[in-house]
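Participant: everything below, folded, please.
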Amino acid sequence: MVHHGGVTDRLFADGKASLVHDYVKAAHDCGVLAGVSAHKPDCIKRIADGGWEVDFFMTCFYFLTQRW
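Facilitator: Here you go, the predicted structure:
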């Protein structure tokens, strides 16, 4: 299972990254692989630097949810 990229970006921007982390934990509790997608590389970096137990990442090379 993978957390949706646009939602990931918005939750991180709103200071609610813990909800994404909770999703990853819940997926693992169900016995499936858990991933996170994002349009902002900073989200992926924060997850990796935070040591979350994520099985995979999905990202793109454009900023769909960039706030200007």
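Participant: with adjacent residues omitted, what lies nearest to residue 57?
Facilitator: Leaving aside its chain neighbours, residue 57 sits nearest to residue 44 (5.3 Å; criterion: CB to CB, 6 or more residues apart in numbering). In this view, the C-beta of every residue, glycine as well, is placed from N, C-alpha and C.
Participant: wasn't that neighbour part of a helix?
Facilitator: Yes: counting by DSSP: H, G, I helix; E, B strand; the rest coil, residue 44 is part of a helix.
Participant: I figured it hits residue 59, correct?
Facilitator: Yes: contact criterion CB atoms under 8 Å: residue 44 and residue 59 qualify, at 5.7 Å.
Participant: okay, those two: which has more neighbours?
Facilitator: residue 44 (19 against 15; other CB atoms under 10 Å).
Participant: check contacts around the residue nearest to residue 57.
Facilitator: With contacts defined as CB atoms under 8 Å, 6 or more residues apart in numbering, residue 44 is in contact with 36, 38, 57, 59.
Participant: residues touching the last one, list them.
Facilitator: Okay, so that is residue 59. By CB under 8 Å, 6+ apart, residue 59 lies in contact with 5, 37-39, 41, 44.
Participant: residue 58: which element?
Facilitator: Under the criterion of DSSP states H and E, residue 58 resides in strand 56-59.
Participant: let me know the secondary structure of the residue most central in space within the chain.
Facilitator: When CA atoms, centre = their mean is applied to the chain, the residue found nearest the centroid is residue 36 (3.7 Å). Secondary structure for residue 36, judged by three-state DSSP, is strand.
Participant: please save the CA atoms from the longest helix along the chain in PDB.
Facilitator: As assigned by DSSP state H, the longest helix anywhere in the chain is helix 17-29. Provided in PDB are the C-alpha atoms of helix 17-29 (Å, rounded to 0.1, in the frame of the first residue of the first chain):
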ATOM      1  CA  ALA A  17       3.300  14.300   9.100                       C
ATOM      2  CA  SER A  18       2.500  12.000  12.000                       C
ATOM      3  CA  LEU A  19      -0.700  11.000  10.100                       C
ATOM      4  CA  VAL A  20       1.400   9.700   7.200                       C
ATOM      5  CA  HIS A  21       3.600   7.800   9.700                       C
ATOM      6  CA  ASP A  22       0.400   6.300  11.300                       C
ATOM      7  CA  TYR A  23      -0.700   5.100   7.900                       C
ATOM      8  CA  VAL A  24       2.600   3.300   7.300                       C
ATOM      9  CA  LYS A  25       2.400   1.700  10.800                       C
ATOM     10  CA  ALA A  26      -1.200   0.600  10.200                       C
ATOM     11  CA  ALA A  27      -0.300  -0.900   6.800                       C
ATOM     12  CA  HIS A  28       2.500  -2.900   8.400                       C
ATOM     13  CA  ASP A  29       0.100  -4.000  11.200                       C
END
